[in-house]
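# Return atomic coordinates for the entry below.
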Amino acid sequence: MQYITSKSSKLASMITSRTAIASLVLGFLAFAVGCDSTGVITEPIAPQSKEATVSPATIQPSVIDGRIVFDDTDEFRVFMASIINRSDTYLDSVETAIDFMSLRSDTDRLAEELEKDVDELEVVEDPFFATVLNPEGEFQVEDMIYKITKNYVYRVREENVDHLNPISLRNHEQVVLTQKTAHDPIVETFEVERASMEPAKTSGSRDSCTSYFNGRRRIKGQAWISYWHVFASATSEIESQRKSWGRWWRTNINWVRLDMDYSVARVIKSPYPYGPPDLVINLVEGSFTKTKYSASEVRKNLDWNVGINQKADKIKGWISSTYTGNRTDDNITRTRSCSTYVSRK
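Numbers count the residues shown, from 1 in each chain. Here you go, the predicted model:
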């Protein structure tokens, strides 16, 4: 396991972080210019286009005892900014660069080993946030360690990390832990908050849909608006899949497309029940479409935020998504589509 602790490494990391932020700003401006005359954002990806993998010089948080450790909230935020809306290939390269196994990668490994769908074992639906967590669902900011389970977030100081051991990663129920006092717990507990969705279509933590080309070929779409108290995310994605050895695997097809209408905003909750209303900031709304050729996935994060000590702004709103895929089998070309809708008030 790699340890990055020297002052020089940290300095180089911060310099690279600023470069990454500048690149993101320029990227956003280029993205905005890509609107067509109707105001709809379009992002066609040409055939054969490839996403560059991460350089080892990109910001590298420390990895201690198999857990990512961020010096502070700013470092956490900069790291997330560098991986949001990236492909799985890119996320894999980030993990390799820091010699780290994430919850995202470990869940995929476990699904292959048990010949199950990833969805059956998935704890955190957001692949970007799951890239920060280790296989136990843990990461650290300053001296606070967070453990993310299916429905709960647990927080403890570093010296009390052993108190997290009894908590099962995939436990759906709240684990009652030893408390020093009612008002000064050793382990603080918060409930994960998620968007409402159609029960018949949900996979438990997000709205999902499928459409089949045949019995072993399909597209799958899913969307979520979720709040883990230290991270909030509003995202939609499509994936083309084939079934082999008892589970569904990503597979390239002619093209995949994601179409979205949305209205989401960060909300700062008013601390007073009868005081001023919640403050709405960073409202984003409109339409979005993106097509990739000879590809297996398209994903789009509309908004995200990090925060410590419950200061992460919640994300509320709605996302209406249509997912479309096109493939050719036995000289017959077929197109399939399905849709989802999630909202959080």
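
# three-state assignment of the closest residue to residue 281 other than its chain neighbours?
Leaving out its chain neighbours, the residue that sits closest to residue 281 by CB to CB, 6 or more residues apart in numbering is residue 266, at 5.1 Å. Yep, even glycine has a C-beta here, placed from its N, CA and C like the rest. Three-state assignment for residue 266 (DSSP: H, G, I helix; E, B strand; the rest coil): strand.

# Pull the contacting residues for residue 266.
Residues counted as contacts of residue 266 (CB atoms under 8 Å, 6 or more residues apart in numbering) are 232, 280, 281, 282, 303, 305, 313, 314, 315.

# okay if I get the residues you listed as CSV plus distance to residue 103, pLDDT and secondary structure?
Shown next, in CSV, are these (distance: CB to CB, whole Å; pLDDT from 0 to 100; DSSP: H, G, I helix; E, B strand; the rest coil):
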residue, distance to residue 103, pLDDT, secondary structure
232, 18, 92, strand
280, 32, 78, strand
281, 30, 79, strand
282, 27, 80, strand
303, 22, 91, strand
305, 20, 89, strand
313, 24, 73, coil
314, 23, 81, strand
315, 21, 88, strand
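
# Take the residues you listed and lay them out in JSON lines including neighbour count.
What follows is those, written out as JSON lines (neighbours: other CB atoms under 10 Å):
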{"residue": "232", "neighbour count": "24"}
{"residue": "280", "neighbour count": "13"}
{"residue": "281", "neighbour count": "11"}
{"residue": "282", "neighbour count": "12"}
{"residue": "303", "neighbour count": "20"}
{"residue": "305", "neighbour count": "20"}
{"residue": "313", "neighbour count": "21"}
{"residue": "314", "neighbour count": "18"}
{"residue": "315", "neighbour count": "24"}
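
# out of the residues you listed, who's nearest residue 238?
Closest approach to residue 238 among these (CB to CB): residue 303, at 18.9 Å.

# so how far is residue 163 from that closest one?
Distance, residue 303 to residue 163, using CB to CB, to the nearest Å: 33 Å.

# Could you list every helix and strand in contact with the helix or strand harbouring residue 341?
Assigned by DSSP states H and E, residue 341 belongs to strand 332-344. Other helices and strands packing on strand 332-344, by 3 or more CB pairs under 8 Å, 6 or more residues apart in numbering; DSSP states H and E, are strand 207-214, strand 217-227, strand 314-329.

# three-state assignment of residue 166?
Going by three-state DSSP: residue 166 is coil.

# just residue 130 next, same as before
Put simply, residue 130 is helix when judged by three-state DSSP.

# quick one: contacts for it?
Contacts for residue 130 (CB under 8 Å, 6+ apart) come out as 102, 103, 104, 107, 123, 124.

# roughly how far apart are it and residue 105?
According to CB to CB, residue 130 stands 9 Å off from residue 105.

# still on that earlier bit, reformat the helices and strands packed on strand 332-344 into TSV and put distance to residue 63 next to each item.
As requested, the helices and strands packed on strand 332-344 are exported to TSV (distance: least, CB to CB, whole Å):
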stretch	distance to residue 63
strand 207-214	32
strand 217-227	25
strand 314-329	29
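
# looking at those strands, which is buried most?
The highest mean neighbour count among these, using mean count of other CB atoms under 10 Å, belongs to strand 217-227: a mean of 25.

# could you dump that strand to PDB, C-alpha only?
The C-alpha coordinates for strand 217-227 follow below in PDB (Å, rounded to 0.1, in the frame of the first residue of the first chain):
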ATOM      1  CA  ARG A 217     -28.600  -8.200 -24.500                       C
ATOM      2  CA  ARG A 218     -30.200  -5.100 -22.900                       C
ATOM      3  CA  ILE A 219     -29.800  -1.400 -21.900                       C
ATOM      4  CA  LYS A 220     -30.200  -0.300 -18.300                       C
ATOM      5  CA  GLY A 221     -30.900   3.200 -17.200                       C
ATOM      6  CA  GLN A 222     -30.800   4.600 -13.700                       C
ATOM      7  CA  ALA A 223     -31.000   7.900 -11.800                       C
ATOM      8  CA  TRP A 224     -30.700   9.100  -8.300                       C
ATOM      9  CA  ILE A 225     -30.700  12.200  -6.000                       C
ATOM     10  CA  SER A 226     -29.000  11.100  -2.800                       C
ATOM     11  CA  TYR A 227     -27.500  12.800   0.300                       C
END
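
# which secondary structure elements does it contact?
Contacting strand 217-227 under the criterion 3+ CB pairs under 8 Å, 6+ apart are the following elements: strand 193-194, strand 207-214, strand 231-244, strand 253-268, strand 314-329, strand 332-344.

# between those strands, which gets the lowest average pLDDT?
Ranked on mean pLDDT, the bottom entry among the helices and strands packed on strand 217-227 is strand 193-194, at a mean of 90.

# What segments of the stretch 51-200 of the chain are helices?
73-83, 88-97, 103-114, 118-121, 127-132 (DSSP state H, counting those that start in this stretch).

# quick one: residue 251 and residue 292, what's the gap?
The value you get for residue 251 to residue 292, if CB to CB is used, is 13 Å.
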